[in-house]
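Trainee: got a sequence here, can you model it:
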Amino acid sequence: CPWQGPYHELTVHEAECTHPTKTGNELMEILDEMDQTRKKEMQLYNSIFSLLSFEKIGYTEVQFRPYRTDDFITRLYYETPRLTVLNQTWVLKARVNDSERNPNLSCKRTLSFQLILKSKVNAPLECSFLLLEGPYDDVQIRPVIYHFV
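Mentor: Okay, here's the model as predicted:
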């Protein structure tokens, strides 16, 4: 049973849990789903480790500043100061609930990130990037690797 909760609710859960009455086939389906989820997580972390083994790698700690748009209905967004990584100048922007018309009415908040190259390039630039939480952050970030050519 994948239930995780406080210890004082364990006896209530054990009385109401449907897993002990499931058939073997149903349990195997649940275990297969759990294996697939774990396999996806492991694939992501293996990809991160392979990115970290590249010859040219840059990293920086960023701090976002809040800004508002000049629209009729102002929208909140965040932006970092210009940062230099691998001899290129970049800016990172983040928008709150970018896909929603009125994000202030939603109780589920997400941040959409955009990496913007500010310096001029003479040749095509291949770039992979991801955002990870810092050691003392209380923000939960699900890492996703983005790749641009």
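
Trainee: in this structure, what residue spans correspond to strands?
Mentor: 65-68, 76-79, 83-85, 88-96, 111-117, 127-129, 146-148 (DSSP state E).

Trainee: helices or strands up against the longest one?
Mentor: In terms of contact count using 3 or more C-beta pairs under 8 Å, 6 or more residues apart in numbering; DSSP states H and E, strand 88-96 is assigned the packing partners strand 76-79, strand 83-85, strand 111-117. C-beta here means a position set from N, CA and C on the backbone, and glycine is covered the same way.

Trainee: dump the strands of the chain to CSV, plus distance to Gln43 and mean neighbour count.
Mentor: Compiled in CSV, those are given as follows (distance: least, C-beta to C-beta, whole Å; neighbours: other C-beta atoms under 10 Å):
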stretch, distance to Gln43, mean neighbour count
strand 65-68, 34, 10
strand 76-79, 30, 17
strand 83-85, 26, 14
strand 88-96, 25, 17
strand 111-117, 21, 14
strand 127-129, 15, 15
strand 146-148, 15, 11
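
Trainee: mean pLDDT and distance to Pro66 added to the helices and strands packed on strand 88-96, as a markdown table?
Mentor: Converted to a markdown table, the helices and strands packed on strand 88-96 look like this (pLDDT from 0 to 100; distance: least, C-beta to C-beta, whole Å):
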| stretch | mean pLDDT | distance to Pro66 |
| --- | --- | --- |
| strand 76-79 | 86 | 6 |
| strand 83-85 | 90 | 18 |
| strand 111-117 | 87 | 12 |
